[in-house]
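Peer 1: 3D model of this:
(one chain, ligands or ions: 1)
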Amino acid sequence: MKINTAKFLISNTDIEKCPKDYFPEFAFIGRSNVGKSSLINMLCGVKNLAKASSTPGRTRLINHFVINSNTFFVDLPGYGYAKASHTLIEQFQKLTLDYLLKRKNLACLFALIDGRLPLQPIDDDFFTWCAKKKIPFAIVLTKCDKLTKNELNKNIRAIENALYVKWQELPPIFITSATNKIGKDDLLEYIGSIK
Ligand code: GDP
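Peer 2: Okay, here's the model as predicted:
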């Protein structure tokens, strides 16, 4: 898939107010600072489409973008700041949960994790939750430019091994860098293939 046009449509605090589900939708989620805005901008080829996470107000909203007049991209609120005693579900804002459980046109959720880190328990729990709720998702490793090829391969293997503890078959895993545009073609091809 090639992106010709990408436009911000609307921000919402209420799932009922999201645009009607007339286009297939691809959503992006991850812990704050994982590189979500940068990845969306990189995929769309538009510098400031998804505002940096530091923009006040934007981070707790569901942001819809129209791609090529026939697809939605959705920037979801981040997760991961709750206290250790909270369960994953409590950590999620109701808004995000509502969205993930109710949005019928969600073709794939891209769950972003930092490619430099081992699999974090909160991400691991989140993937398990997605599987349980039958939410179609793929894992996206971000900031992969910051590792050497060897380091990257080592971490990918470690992440896969950690996932195999629970999973028989792994979800798709994409290697990306917004800085170097690594993974752009692969992700867009994947999006085109399930649209
Ligand atoms: P968000 O909070 O998940 O939307 O994260 P941002 O996209 O705002 O990125 C957080 C920080 O990571 C910023 O300082 C970015 O410049 C940096 N960053 C994002 N993507 C990459 C990447 O692919 N490579 C490198 N080296 N830095 C990145």
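Peer 1: How about the contacts made by P172?
Peer 2: 138-139, 190 (CB atoms under 8 Å, 6 or more residues apart in numbering). C-beta coordinates here come from the backbone N, C-alpha and C atoms, glycine included.
Peer 1: Now tell me what touches the helix ranked longest in the chain from outside.
Peer 2: With DSSP state H setting the assignment, residue counts place helix 149-164 as the longest helix in the chain. Here helix 149-164 makes contact (CB under 8 Å, 6+ apart) with 113, 115-119, 124, 127, 139, 141, 144, 147, 170, 173, 175.
Peer 1: Any of those residues buried? List them.
Peer 2: Listed as buried from those are 113, 115, 119, 124, 127, 139, 141, 144, 147, 175; burial here means 16 or more other CB atoms under 10 Å.
Peer 1: how about the residues of this structure near the ligand?
Peer 2: Proximity of the chain to the ligand is assessed by CB under 6 Å from any ligand atom, with 30, 32-38, 52-53, 142-143, 145-146, 177-179 identified as the residues in range.
Peer 1: Now, those residues that are in helices?
Peer 2: Using DSSP H, the residues of the chain next to the ligand in helices are 36-38.
Peer 1: can you give me the helices in this protein?
Peer 2: Listed from the start of the chain, the chain has helices (DSSP H) covering 36-44, 88-91, 94-102, 121-132, 149-164, 184-194.
Peer 1: Need phi/psi at N105.
Peer 2: Backbone dihedrals for N105, given as degrees, to the nearest 10, come out at phi -90, psi 10.
Peer 1: how close does it sit to the ligand?
Peer 2: Here the criterion is CB to the nearest ligand atom, to the nearest Å. By it, N105 lies 23 Å from the ligand.
Peer 1: Tell me which residues touch the nearest residue to that residue once chain neighbours are set aside, please.
Peer 2: Ranked by CB to CB, 6 or more residues apart in numbering and with sequence neighbours excluded, the top spatial neighbour of N105 is D21, at 3.7 Å. D21 makes contacts with 103-105, as judged by CB under 8 Å, 6+ apart.
Peer 1: Give the bridge partners for the residue most central in space within the chain, please.
Peer 2: Taking CA atoms, centre = their mean as the criterion, F28 is the residue nearest the geometric centre of the chain, at 2.6 Å. Beta bridges link F28 to D75, F110, judged by DSSP bridges.
Peer 1: Show the buried residues in the contacts of D21.
Peer 2: With neighbours counted using 16+ other CB under 10 Å, the contacts of D21 contain these buried positions: R103.
Peer 1: Mind putting the contacts of D21 into JSON lines with pLDDT and distance to V74?
Peer 2: Listed next are those as JSON lines, based on pLDDT from 0 to 100; distance: CB to CB, whole Å:
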{"residue": "R103", "pLDDT": "95", "distance to V74": "8"}
{"residue": "K104", "pLDDT": "94", "distance to V74": "13"}
{"residue": "N105", "pLDDT": "96", "distance to V74": "10"}
